[in-house]
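Asks: Kindly generate the corresponding structure for this input.
(2 chains)
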Amino acid sequence: MNALLRVAVVGHTNTGKTSLLRTLARDAGFGEVSDSAGTTRHVEGLRLMADDQPVVELYDTPGMEDAIALLEFIDELVPPGARADGPDRINRFLATDEAGARFEQEAKVLRQLLASDAALYVVDARDPVLPKHKDELVLLASAARPLLPVLNFVASPAARADDWHAALARLGLHAVVRFDTVAPAVDGERRLFETLATLMHSHRPALEALIADREEEAESRRLSARRLVAELLIELAARRDLVDADDDAALRTAVHTLRETVRAREQACVEALLQLYRFRPDDARAAELPLADGRWDDDLFNPETLRQMGIRLSTGVAAGAAAGVGIDLMTGGITLGAAAALGAVAGGLWQTFGHYGERIAARLRGHHELTVDDAILRLVALRQRQLLTALEGRGHAAMMPIELPQAVAPESDPDSADWREGRLPDALMLARAHPEWADEGDDDKDDAERSLAEYLR
Amino acid sequence: MNPAAPLSKLEHRWLAELVRRHESRHGRLEDAVELAEARRAPPDLETRICRRAELLSTREGWRDAIVRWHGRARLTLAFACVLALVLGTGTAAAVLGDGSRPVNVVWALGGLLGVHLFSLLLWLFGTLVAGRGRTRGGSALGTVWLRLVSVFDRSPAAAELPLALGGLLARGRLASWGLGAVSHLLWFLALVGAAAGLLGLLAVRRYGFVWETTILPGDAFVSLTTVLGVLPGQLGFPVPDAAQVIASGDAVMAGEVGRRAWSGWLLGCVLVYGVLPRVLLTLLCAQAWRRGVSRLALDLSLPDYARLRPRLLPDSERIGVSDPAPERVQRPGRRGHTAAEAGTAVIVALELGTDLPWPPVGCAALAVDGGRLDSRDQRRAAIARFGAAPPARLLIAIDPRLTPDRGTLGLVAELADYAGETRVWALPVPDGTSGRLGLWQDGLSGLELDEGALMADQDQVLAWLEAAA
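Replies: Presented below is the predicted three-dimensional model:
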């Protein structure tokens, strides 16, 4: 394999060069991003890795601000007719005093470009194509490095991507990538690296490894994200607070506590998702949930509870049968069969009652169980789905936080009919019968989460 | 067991699961050192997670806990094996009695195989019907063993161990195979003990054999004996013939041939219906367990693992600044101002978007159109023109959506040097926004223009031009 591919990220000032690096590296803290000229004044590198192997080194450079004057300066320094090729002209310029003064920024760019194998020329597609951009491209082209224009902000309605395509084609730049650093398309990264690979043929295997690694990572991230949401929903559905039905004050406190718990739990999920997608903790804000009063029914006789009772019974029977052996040996083998059978039944009953006795007793004492309402579960599910979509399409250069609305309109999430009206997924019904899942997990909860995550797909 | 001994694949994943459960409940452990060390492992997420978990658990003492747990599990299992053998032999002794009473063959067979067959059926039910390995039905002995192992160590670290193991093994029914193997092994040993006890007692004591019934016909016992005896008979065990069976129903079978036949039948039944299925199932479960363990992998889609990914297998790293920012940045500025009181009013366009009309409506009568100043040639020409005939008033129209760069501001400064008075006009944008007016304000503020030189309001601009005319 060849040495590492080194790519300079160049372009006019304030077109989103640092943003591009942030989004490609999923590093929202890289460099400094602001809507003004000359935010970056230094050259800073970033290494993209696949399987812990560095694949590409990207160099963030200052923006070009005065290409017209610089080209004029170089033309005076080395008249266009002189026998000097592009890199020679640039080296002659870099040797002058002006390269450290008036054209300091441009000198940094050109120096880094000469030290790189290729360059990404970042364009703010909302800008009109101006002669200064053409002069910039002439300057950059004279460094004799492959140049791949990257159209940033193409998702904006004001983008003039077609103008740019036409203008770049006239300059001989036909391979152009559209990549919005704030709202990158799902396959944007793939297309960028694939196009880069067509320009840098010797680095194609490494770039393909990078693409594969990124896609695998994205898929695993999507899985985990759905899993987080599934866990949230399961825990909310499983929550079951005991309240004394006759005591109004206790009831109010319990409802309040439940609401607070639901809010805190949703917020925790949002934070975990942000961390998973490597955004900053305050990159999403959830509006307060309009919580209803919770549910007042009891699930003691919901089919799953009964089915579960059957399962308890069968494991209980097994334990009882083992106990039967002990009984039998003590009685000298005479009552063997009877003791085993009795032991089995007793064991089964004991386990079953042990598990439900508490709930049944609470019912008899006139207590109620407070659970999270179905409507709330639906709303939380819809909101989290929307957050997942927003996170998938968000670049690490985005500055505006994601707002999670109080209610989710059907048109903003067209595939949500199941969540709006349909029956709640089985996993959630299951969770209703497992109050212990609200705080701790077991194998069955893992299974339920897995199936719900699949449903969220 | 040597605590520094390398861990098995299962133990590695067990530790990883243990650490994951701990961290998901109590927040991330401080792991700077361990992380750096884990990143020296081969570049595979699972390997690195396991390495990190091993390092962390060595520090937290969980690694020792697992090693101790394993030692205890082995010890308990060995003890249980011995106990099973002894109990099996004891059962045989209890079933046969001391020889003072004749042995009721059906009762004896039920005593030897009854519980075993019952639990075998439960296991089959649990495995085939309940499916998914969610119930450990029938592997009761294995479950009891697992609980016993935990009984002796009640520290919090040890309490988490079986839970983490359960979570790890739940997928692929590994747990039920493992527990099944232990249960079947114990039953196998108990039945071997019973068979051995049977053989021993039958060898040194004299037993009479009998069967009894009040309501069943004698033929039922004949067919029962024959049917049960088919398989042992194939293996060479003697089986009582119909006459012997009938005879045992009437009186205690005391004849030598009959006694041998009954003894062989009893022993054969225990071996064929007890020992044989259990040994086969033990092997089956052990094989399934071994295969499962060799395929065991962490569920990397679990959010806790996914969050470790960028730290253990970073997809990017910062290299740092290779060319630092200059200490002082040169800003465009004025070079000198040649005031021109007399002259015309000129309006020029500086890098306007194609959607902005030029010249703007209403200005043609008030000022000379100096044209667009976008390219080098246009700029040179304009400066040459202004050098020859400086305008008294210069209006530079700009597109407020663009970012003012050094080149643009430099040109504004240069043009302003030639003009008597200079204003910059941010043209109205079709979508009605103000664009980056703030950036223009900031940029122009360094150019020593007059107060309020940046104007956005068309009426104000026209008024200024009219004042000149």
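
Asks: what's the domain layout of chain B?
Replies: Residue ranges of the domains in chain B are recorded as B:9-312, B:345-468, according to automatic domain parsing.

Asks: Now do the strands in the stretch 151-300 of chain B.
Replies: Using DSSP state E, counting those that start in this stretch, the strands of the stretch 151-300 of chain B run over B:209-210.

Asks: Residues of it that sit close to chain A?
Replies: When proximity is defined as C-beta under 8 Å from any C-beta of the partner chain, the stretch 151-300 of chain B approaches chain A at B:163, B:166-167, B:170-171, B:175, B:300. Backbone N, C-alpha and C define where each C-beta goes, glycine included.

Asks: Show me the one in those that has more neighbours than the rest.
Replies: Scoring those on neighbours with other C-beta atoms under 10 Å in any protein chain shown, the highest-scoring entry is B:Ala175 at 25 neighbours.

Asks: Report the contact partners of the closest residue to it other than its chain neighbours.
Replies: Using C-beta to C-beta, 6 or more residues apart in numbering or on different chains and skipping residues adjacent in sequence, the residue nearest B:Ala175 is B:Leu169, 3.9 Å away. Residues in contact with B:Leu169, defined by C-beta atoms under 8 Å, 6 or more residues apart in numbering or on different chains, are B:175, B:178, B:292.

Asks: Output the lowest mean pLDDT helix or strand found in the chain.
Replies: This is for chain A. Within chain A, no helix or strand scores below helix A:303-330, which has a mean of 42 by mean pLDDT, DSSP states H and E.

Asks: think we crossed wires, I meant chain B
Replies: Lowest by mean pLDDT, DSSP H and E among the helices and strands of chain B is helix B:140-151, with a mean of 72.

Asks: Check which residues of that one are buried.
Replies: Applying a neighbour-count criterion of 16 or more other C-beta atoms under 10 Å in any protein chain shown, the buried positions in helix B:140-151 are B:140-146, B:149-150.

Asks: same thing with stretch A:128-146?
Replies: Going by neighbour count (16+ other C-beta under 10 Å), the buried part of stretch A:128-146 is A:128-137, A:139-143, A:145-146.

Asks: gap between the least confident helix or strand of chain B and the chain center?
Replies: On the basis of C-alpha atoms, centre = their mean, to the nearest Å, helix B:140-151 is displaced by 27 Å from the centre of the chain it belongs to.

Asks: does the longest helix along chain B come close to chain A?
Replies: Scanning chain B for the longest helix, with DSSP state H as the assignment, gives helix B:62-96. Yes. Using C-beta under 8 Å from any C-beta, helix B:62-96 comes into contact with chain A via B:87, B:90-91, B:94-95.

Asks: Return the angle between stretch directions for that helix and helix B:140-151.
Replies: 140 degrees (axes from the mean of the first three to the mean of the last three C-alpha atoms, to 10 degrees).

Asks: Let me know the next secondary structure element after helix B:62-96.
Replies: The first helix or strand that comes after helix B:62-96 along the chain, using DSSP states H and E, is strand B:103-104.

Asks: who's in contact with that following strand?
Replies: The list of residues contacting strand B:103-104 from outside it, by C-beta under 8 Å, 6+ apart, reads B:95-97, B:207-212, B:262.

Asks: Each with direction, which strands does that strand pair with?
Replies: According to DSSP bridges, the neighbouring strands of strand B:103-104, each with its direction, are strand B:209-210 (parallel).

Asks: Name the surrounding residues that touch the strand it pairs with.
Replies: For strand B:209-210, the external contacting residues (C-beta under 8 Å, 6+ apart) are B:102-105, B:248-249, B:251-253, B:258-259, B:262-263.

Asks: Please check those and keep the buried ones.
Replies: In these, burial by neighbour count holds for B:102-105, B:248-249, B:252-253, B:258-259, B:262-263, counting by 16+ other C-beta under 10 Å.

Asks: tell me which of those is nearest to chain A?
Replies: Closest approach between the buried ones among the contacts of strand B:209-210 and chain A, by C-beta to the nearest C-beta: B:Asn104, at 10.3 Å.

Asks: about what we covered before: which members of the contacts of strand B:103-104 are the farthest-apart pair?
Replies: Using C-beta to C-beta, the two most remote members of the contacts of strand B:103-104 are B:Leu96 and B:Glu212, lying 16.3 Å apart.

Asks: Break chain A down into its domains, please.
Replies: In the domain annotation for chain A, the residue ranges read A:5-199, A:215-295+A:372-455, A:303-368 (automatic domain parsing).

Asks: number of nearby residues for B:Ala342?
Replies: B:Ala342 has 9 neighbouring residues, counting by other C-beta under 10 Å.

Asks: B:Ala419 versus that one, what's the distance?
Replies: Between B:Ala342 and B:Ala419 the distance, using C-beta to C-beta, to the nearest Å, works out to 12 Å.

Asks: Give the other helices and strands that the strand or helix carrying A:Leu273 contacts.
Replies: Element membership of A:Leu273 [criterion: DSSP H and E] is helix A:248-276. Applying 3 or more C-beta pairs under 8 Å, 6 or more residues apart in numbering or on different chains; DSSP states H and E, we find helix A:248-276 packed against helix A:204-238, strand A:240-244, strand A:284-286, strand A:367-371, helix A:374-392, helix B:303-312.

Asks: Single out the residue in the stretch 151-300 of chain B that lies closest to chain A.
Replies: As assessed by C-beta to the nearest C-beta, chain A sits closest to B:Ala170 within the stretch 151-300 of chain B, at 3.4 Å.

Asks: Confirm for me that that residue is in contact with A:Asp446.
Replies: Yes. With the criterion set as C-beta atoms under 8 Å, B:Ala170 and A:Asp446 qualify as a contacting pair; they are 6.2 Å apart.

Asks: Can you tell me the closest non-neighbouring residue to the residue of the stretch 151-300 of chain B closest to chain A?
Replies: For B:Ala170, the closest residue by C-beta to C-beta, 6+ apart turns out to be A:Asp443, at 3.4 Å.

Asks: try B:Ala92
Replies: Nearest in space to B:Ala92, with sequence neighbours left out and distances taken as C-beta to C-beta, 6+ apart, is B:Gly197 at 3.0 Å.

Asks: Model confidence at that neighbour, what's the number?
Replies: Model confidence at B:Gly197, expressed as pLDDT, equals 91.

Asks: what sits against it?
Replies: Shown in contact with B:Gly197 (C-beta under 8 Å, 6+ apart): B:88-93.

Asks: repeat that for 10 Å
Replies: The contact partners of B:Gly197, by C-beta atoms under 10 Å, 6 or more residues apart in numbering or on different chains, come to B:85-96, B:112, B:270.

Asks: Format these as a markdown table; extra columns: pLDDT and neighbour count.
Replies: Written out in a markdown table, the entries for the contacts of B:Gly197 read as follows (pLDDT from 0 to 100; neighbours: other C-beta atoms under 10 Å in any protein chain shown):
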| residue | pLDDT | neighbour count |
| --- | --- | --- |
| B:Leu85 | 92 | 19 |
| B:Val86 | 92 | 14 |
| B:Leu87 | 90 | 21 |
| B:Gly88 | 90 | 28 |
| B:Thr89 | 91 | 20 |
| B:Gly90 | 89 | 17 |
| B:Thr91 | 87 | 25 |
| B:Ala92 | 88 | 27 |
| B:Ala93 | 87 | 17 |
| B:Ala94 | 86 | 22 |
| B:Val95 | 84 | 25 |
| B:Leu96 | 84 | 22 |
| B:Leu112 | 86 | 29 |
| B:Val270 | 89 | 28 |
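
Asks: Perfect, I'm done here.
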